[in-house]
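In: Give me the fold of what follows.
(2 chains)
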Amino acid sequence: MKNQGNLPSDEQLDKEFLETISALDDGLKKLDSLDVNTPDEHWFERTVLEQQEQLRRKHSRELGWFLISALFILSIVLFTLLELPQLFYLLQAAAVVVTVVYSYKGVQKQVDSQ
Amino acid sequence: MEEKELISSAKKGDHRSFAVLFRNHYPLLVKYLMKITMNPDLAEELAQATMAKCVEKIHLFNGKSKFSSWLISIATNLYIDQYRKKKREREWNEGEAALRKLKWHMESRNEEWTDAMAALAKLTEEMRIPLILKHYYGYSYDEIGEILKIAAGTAKSRVHHGLLAVRKELKVDEKSRELAK
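Out: The predicted structure follows:
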């Protein structure tokens, strides 16, 4: 935001806007006096239980996807190792090269930014 | 049970402790949301979304701040995210209708919808939220910065600009000058 450097101190600010702050305070107090319908405890318990159940389902789903992905990757690795060893070693070499190149680029960026 | 014990049981997954905590804080949360959104229906909707988020993130609550402050922080960020997503003309018109509803609520309780409230409603969320947090709830600029994920200086600047805008709307300067004459 602009003009941050020209801001008065907290005390100056409060004094300068005393009338405005007090008008805002009065208005907001009136808003606070409105009744809020607070549901009973059972409603809150039910809401929490539903939310906990939803979270449990979400975690199970995520774990399921993780296991399926892991099994898929593992089966591809094993398949290439046993059936296409040349491709397996080529992929391993490519993975090492990509990791080294990216690590080196990362270090270069850090040095540049310093 | 004390609040600390309730939080500790809630972290272990006890739904009854969660329910007691939420029931105790529900009026404060809805009233806070009503002030920042100026929309009673949206305030209730966001209060429920805040509770859902709280169940999910309770393990992250470290007890350094009050539980109510933590709820306020979650609620504020949910509102800001929702506001960013729904920033369209249609939603704005709905906002106008909600404001009329809030005015009607107040007037039906014989409470006046003051000029200051009208001026506050005209402010952007960017200014209204820090202004309310600072001058009604008494948070420091550092705390407001933490809640809104902005620098303390930015929070101060927004409060200052918000006060200037409200004062301009209320014409406090002109009234003071007239009184001085």
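
In: Every contact and neighbour count from this point should use C-alpha atoms.
Out: OK.

In: Where do the helices of chain B begin and end?
Out: Here chain B has its helices, by DSSP state H, at B:3-11, B:15-37, B:40-57, B:67-85, B:89-108, B:115-122, B:125-135, B:141-148, B:152-170, B:172-180.

In: near chain B, which residues of chain A?
Out: Contact residues, chain A versus chain B (Cα under 8 Å from any Cα of the partner chain): A:1, A:3-4, A:7, A:13, A:17, A:19-21, A:23-25, A:27-28, A:30-32, A:34, A:36-42, A:44-45, A:48-49, A:51-52, A:55.

In: now do 7 Å
Out: Selection of chain A residues close to chain B by Cα under 7 Å from any Cα of the partner chain yields A:1, A:4, A:20-21, A:23-25, A:27, A:30, A:32, A:36, A:38, A:41, A:44-45, A:48-49, A:51.

In: per-domain residue ranges of chain B.
Out: B:1-113, B:114-181 (automatic domain parsing).

In: if we can go back for a sec, how about the helices of chain B in TSV, adding distance to residue A:101, mean neighbour count and mean pLDDT?
Out: Below are these laid out as TSV (distance: least, Cα to Cα, whole Å; neighbours: other Cα atoms under 10 Å in any protein chain shown; pLDDT from 0 to 100):
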stretch	distance to residue A:101	mean neighbour count	mean pLDDT
helix B:3-11	44	16	91
helix B:15-37	50	22	94
helix B:40-57	38	19	93
helix B:67-85	38	17	91
helix B:89-108	49	14	72
helix B:115-122	54	19	89
helix B:125-135	43	21	94
helix B:141-148	38	19	94
helix B:152-170	40	21	92
helix B:172-180	64	11	59
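
In: and the ones you listed as CSV, adding distance to residue A:99?
Out: Listed next are these as CSV, based on distance: least, Cα to Cα, whole Å:
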stretch, distance to residue A:99
helix B:3-11, 40
helix B:15-37, 46
helix B:40-57, 34
helix B:67-85, 36
helix B:89-108, 48
helix B:115-122, 54
helix B:125-135, 43
helix B:141-148, 37
helix B:152-170, 40
helix B:172-180, 65
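
In: do you know which of these lies nearest residue A:63?
Out: When those are compared by Cα to Cα, helix B:40-57 sits nearest residue A:63, at 16.7 Å.

In: Nice, that's everything, thank you.
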